[in-house]
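Chemist: Curious how this folds, go ahead:
(chains A and B)
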Amino acid sequence: MNLHFDRDRADDTPAALHQLAGAYALGALPDEKRVVFEAWLEAQADPATRAEVAELVATAALLAAEAAEPPPAGLRDAVLAMADQTRQLPPPVVDLAAARDRRRPTWVRRATLAVGGVAAAGALVLGTATVVQGDLDARIDELERDLAADRELRSVVTAADAEVRHADGQDASVVLSASEGRAVFTAGGLAPAPDGRTYQLWLVRTDGPTSAGLFDAALDGVATRSVAADLSDVVAFAVTLEPDRGSTSPTSDPVVVVTL
Amino acid sequence: MPTERAAHLRPVPAGRAAASDDDVLLAVARADRDAFADLYDRFAPRVFGIVRKVVRDPSRSEEVTQEVFGEVWRTATRFDPDRGAARTWLLTMAHRRAIDCVRSEQASRDRDERVGHRDRVRAFDEVAEQVETRLEHQQVRDALDHLTAPQREAIELAYFGGRTYREVAELLDTPLGTIKTRMRDGMIRLRDRLSAGVQGGPA
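Modeler: Residues are numbered from 1 along each chain as shown, chains lettered A, B, ... in the order given. Model prediction:
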């Protein structure tokens, strides 16, 4: 696991996050900080702030021109051949903001109608891509979860009493707000849980740990978990690897600890 | 010399030169394979170049470049021209992939080598058939020349060296806050100087 850490606690207030805009645009934020910054950014009411950051990101992209060099011969053919064997993601088909508050069965029906596909032999046809109904359901579930996590992260990060705690020597943090009654735990650089195992998040109090759910790392090694709880007597957040149905109490030493 | 240069020159078919990068990427999102080849021709030197600068190892750089174009093909449908330019979308993706590659490595690497200009100028001449890229290269070079030396150093160590702002601060033995400010002020200055070519988010 990646053990690099960031002791810069001067960024703990949302107002100070604005100062990271240049570093963010340059890709110079470690993952756990990037997640917090992006959540703060999305929550900005003033579009000028988002526009400023977008402009800095666009400026950074121009720097690549400075590094341009001819790619190796043969790469072009390999890239084009790969495209012939790779399916494209289906285009976004629903207005997620509007559909978010609807019950799922209605949303699935709307999605089916929006792609203009009359289900034929269990498949929806989207342009030149073919999506099986099961794939679409899984994708909708994933998007719903991402939106929910995003909303929660935003509400915690922008709360007036938001505080951040960083792990000592590890790429992990907890953003908490007593007024929201919620904390968001983020860890970066996590390898995928081995087969048959899962990560489990624990709230550690003086009388012992209670489970805050099971999770796995995303492909980029980042995991974010939102926890609604009374945090007043929680002393730490901890992560252990457990058997894939989870455990009632930790069965191994923590892989990540964030002390509050 | 002319023979070596000729190997890199590829005539641009008449219709293709006119389409914007955004139009080409939108066509890729409709599984247009010719558009994808066009997109490769337009961006591969910059993608490979920035990946190579960050990742260093030549064969790994080639792999990562292929992965970047794979992700471009796969996720082109997610590109929204109202949120920013195709160039930004694609080159940000390339840079992030390169960064992810070096930050996941456990072994310590010698990343103290300063970015050299001479080699890049020589390599760049070989992609000279893309007039637009050559102009952009010159504009970027000029804009970097107009930063203060500390701003330029912080930006180059981060962007081309793949370092976090904390790593830059440690390397330069400078406070974190100073580095953050140099990066922010430097990027704002670059943006202002290059603003003719920069498209931010929606107005």
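
Chemist: for the chain, what spans make up the helices?
Modeler: Looking at chain A here, since you left the chain open. Applying DSSP state H to chain A gives helices spanning A:14-17, A:21-25, A:31-42, A:47-67, A:75-84, A:96-99, A:104-114, A:133-157.

Chemist: I was after chain B.
Modeler: For chain B, helices defined by DSSP H occupy the ranges B:2-8, B:14-18, B:21-28, B:33-55, B:58-75, B:86-103, B:118-125, B:131-145, B:149-159, B:165-172, B:176-194.

Chemist: excluding its backbone neighbours, what's nearest residue B:157?
Modeler: Among residues not flanking residue B:157 along the chain, residue B:168 sits closest, at 4.9 Å (Cβ to Cβ, 6 or more residues apart in numbering or on different chains). Quick note: C-beta positions are derived from backbone N, CA and C, even for glycine.

Chemist: Give me the pLDDT value at the one you found.
Modeler: Looking at residue B:168, its pLDDT is 96.

Chemist: Let me know whether it touches residue B:178 as I believe.
Modeler: No - counting by Cβ atoms under 8 Å, residue B:168 sits too far from residue B:178 to count as a contact (10.2 Å).

Chemist: Show me which of those two is the more surrounded one.
Modeler: Neighbours per residue, other Cβ atoms under 10 Å in any protein chain shown: of residue B:168 and residue B:178, the larger number sits with residue B:168, 25 against 13.

Chemist: residues contacting the more buried one?
Modeler: Neighbouring residues of residue B:168 by Cβ atoms under 8 Å, 6 or more residues apart in numbering or on different chains: A:28, B:154, B:157, B:158, B:161, B:174, B:179.

Chemist: quick check, nearest of those residues to residue B:81?
Modeler: residue A:28 (26.8 Å; Cβ to Cβ).

Chemist: Mind pulling up the pLDDT for that closest one?
Modeler: Looking at residue A:28, its pLDDT is 97.

Chemist: coming back round to it: lowest-confidence stretch among the helices of chain A?
Modeler: helix A:104-114 has the lowest average pLDDT among the helices of chain A, namely a mean of 38.

Chemist: Spatially, and excluding backbone neighbours, which residue is closest to the most centrally placed residue in chain A.
Modeler: With distances taken as Cα atoms, centre = their mean, chain A has residue A:224 as the residue nearest its mean C-alpha position (5.6 Å). Spatial nearest neighbour of residue A:224, chain neighbours left out: residue A:186 (4.8 Å); criterion: Cβ to Cβ, 6+ apart.

Chemist: ok now do that neighbour, which residues does it touch?
Modeler: Residues in contact with residue A:186 (Cβ under 8 Å, 6+ apart) are A:32, A:35, A:36, A:172, A:173, A:174, A:175, A:222, A:223, A:224, A:225.

Chemist: my guess is the second one meets residue A:221, correct?
Modeler: No - judged on Cβ under 8 Å, residue A:35 makes no contact with residue A:221 at a distance of 11.4 Å.

Chemist: Now do the shared contacts for the two.
Modeler: Counting by Cβ under 8 Å, 6+ apart, the shared contacts of residue A:35 and residue A:221 are residue A:188.

Chemist: Which one's more surrounded, the two?
Modeler: Between residue A:35 and residue A:221, counted using other Cβ under 10 Å, residue A:35 has the larger neighbour count: 23 against 19.

Chemist: What about residue A:256, how many residues nearby?
Modeler: By other Cβ under 10 Å, the residues close to residue A:256 number 21.

Chemist: thought it was touching residue A:238?
Modeler: Yes - using Cβ under 8 Å, residue A:256 makes contact with residue A:238 at a distance of 6.8 Å.

Chemist: picking up where we left off before, out of the contacts of residue B:168, the closest to residue B:45 would be?
Modeler: Set against residue B:45, the nearest of these by Cβ to Cβ is residue B:161 (19.9 Å).

Chemist: Distance-wise, check that closest one relative to chain A.
Modeler: Separation of residue B:161 from chain A (Cβ to the nearest Cβ, to the nearest Å): 9 Å.

Chemist: Quick check: phi and psi on that residue?
Modeler: Dihedral pair for residue B:161: phi -100, psi -10, per degrees, to the nearest 10.

Chemist: same question, residue A:179
Modeler: For residue A:179, the backbone dihedrals are phi -70, psi -30 (criterion: degrees, to the nearest 10).

Chemist: I'd guessed it sits against residue A:163; true?
Modeler: No - using Cβ under 8 Å as the test, residue A:179 is too far from residue A:163 to be in contact (11.1 Å).

Chemist: Comparing these two, which shows the higher neighbour count?
Modeler: Applying other Cβ under 10 Å to residue A:179 and residue A:163 shows that residue A:163 carries more neighbours, namely 15 against 11.
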